[in-house]
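# Return atomic coordinates for the entry below.
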Amino acid sequence: MRDGAGEGGAMLDDRGRRRSLAIAISSALPAGLSVGLTWPLLTLILERDGVGATMIGLNSAVSALAIVVSAPLMPRLIGRIGTLPAMWLGILVAVAAILLLPVFPGLDAWFVLRFFLGVGAAVHWVVSETWINAVVTERGRGQVMGIYVTFYAGGLAGGPLVLGLTGIEGELPFLVGAAILALAALPLLLARGVAPPLPHRGRIRPALLFAAAPTAMAVALVAGFSDSASFALLPVYSLRNGFTQEAAITMLSVFVAGNLGLQIPLGWIADRVDRRLVLMFCAAMGVAGPLALPLAIGEGWILWPLLFVWGGTVVGLYTIGLTLLGQRFGPTEIAAANATFITIYETGGILGPPVAGGAMSAIGPNGLIITLALACGVFLLLSAWRYSRR
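As a prediction, the model looks like this:
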């Protein structure tokens, strides 16, 4: 393990490092675009076919469960078959799962296929982030991670737009989703000689990784919890506060725009000041943003900037947490650390909507506000306490 020293991409010159990073980041955009298209597509088809909301939710959760189950196995897979073969394998598994979804349209089959879709996504996700963290130099780590998160989040945001063009009928949306994901493999054809070796030194227990970087690991849980709860329930909060459906969608769109617009600036700042201070700023906004939302509901000139900044800084928790992860762990541990980070993030993502939704059922719309503020508040106290002990 390291503390800001040493570079996983030390064998590459500056030109090779830039090429390597460009390949890994460009592969993230079509991967995110395919996920952003496929997940709502399946939800809408199940809703059209009269499947109950509980079963739709369980079916959606299978992909997240697959990531939680399979991500810890990825470091061994990467170490055994290599960086590029692992990326190609993940894309192949996910593309095959998407193409089989319209062939086997029953709910039972979709549980199995969505599990394999999640496994394929997990491989690409773990390898991409490990690759970037292993190659990037310390002085530019935050900004590069901001670019990566922007590309992937941009794909997620663009997926529903593509779905609007294809519709949900027939095989076309599945073919388009699979084709888009296959595009993620094209940049990898240029990666020979610049894809980093990601050695794996054997099983590293997640508890040891958590003990070595508790702040970076804890933020993964909070980021996953906050991201999933916000995306799932912010439109519901808006509707229950008297907004029209169109206005509720606009609120979520502005929130997503903040996700895209602030990651690169936050990463740039994180390369120039103590990254833990940037992380605490994002957590503080994760408290202030939702608490200010009820006051801003009737004031558009406050509401839209608030949603933009809040959305950007909440996703910034993931960006800066990922940056701290690469700063803390060396080449032989980074794959295991990244897999653990993603596993914790997805665990938070599974917990977020039911916990926040239960709070809304118990105390009304502001249950979402209280839950989100409390989650970020607890992390803020933890990170401030850790920072004060340094």
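
# which residues sit in contact with residue 22?
By C-beta atoms under 8 Å, 6 or more residues apart in numbering, the contact set of residue 22 is residue 187. Where C-beta positions appear, they are placed from N, C-alpha and C, glycine not excepted.

# Return the distance of it relative to residue 147.
With the distance defined as C-beta to C-beta, to the nearest Å, residue 22 ends up 10 Å from residue 147.

# how about the residue nearest to residue 182 when sequence neighbours are not counted, secondary structure?
Setting aside the residues directly before and after it, residue 182 is nearest to residue 95 in space (C-beta to C-beta, 6 or more residues apart in numbering), at 5.6 Å. Three-state assignment for residue 95 (DSSP: H, G, I helix; E, B strand; the rest coil): helix.

# looking at it, residue 95 is touching residue 183, isn't it?
No: using C-beta atoms under 8 Å, residue 95 is not in contact with residue 183, being 10.3 Å away.

# Neighbour count for those two, which is higher?
Counting neighbours by other C-beta atoms under 10 Å for residue 95 and for residue 183 shows that residue 95 has the greater number, 21 against 16.

# Check the gap between that one and residue 157 for me.
Here the distance between residue 95 and residue 157 works out to 22 Å (C-beta to C-beta).

# now residue 241
Summarising the geometry, the distance separating residue 241 from residue 157, computed by C-beta to C-beta, is 24 Å.

# Please apply the same query to residue 178.
Taken as C-beta to C-beta, the span from residue 178 to residue 157 is 20 Å.

# Please list the outside residues in contact with stretch 289-308.
Among residues not part of stretch 289-308, those counted as contacts by C-beta under 8 Å, 6+ apart are 237, 241, 251, 254-255, 257-258, 261-262, 309-310, 313-314, 366, 368-369, 372-373.

# Now do the buried residues in the longest helix belonging to the chain.
Taking DSSP state H as the assignment, the helix of the chain that covers the most residues is helix 14-48. Of the residues in helix 14-48, 17, 19-21, 23-43, 45-46 count as buried by neighbour count, 16 or more other C-beta atoms under 10 Å.

# Now for residue 52, how many residues are close by?
The burial metric for residue 52, expressed as a neighbour count using other C-beta under 10 Å, is 10.

# Next up, the contacts around the residue nearest to residue 182.
By C-beta under 8 Å, 6+ apart, the residues touching residue 95 are 120, 178, 181, 182.
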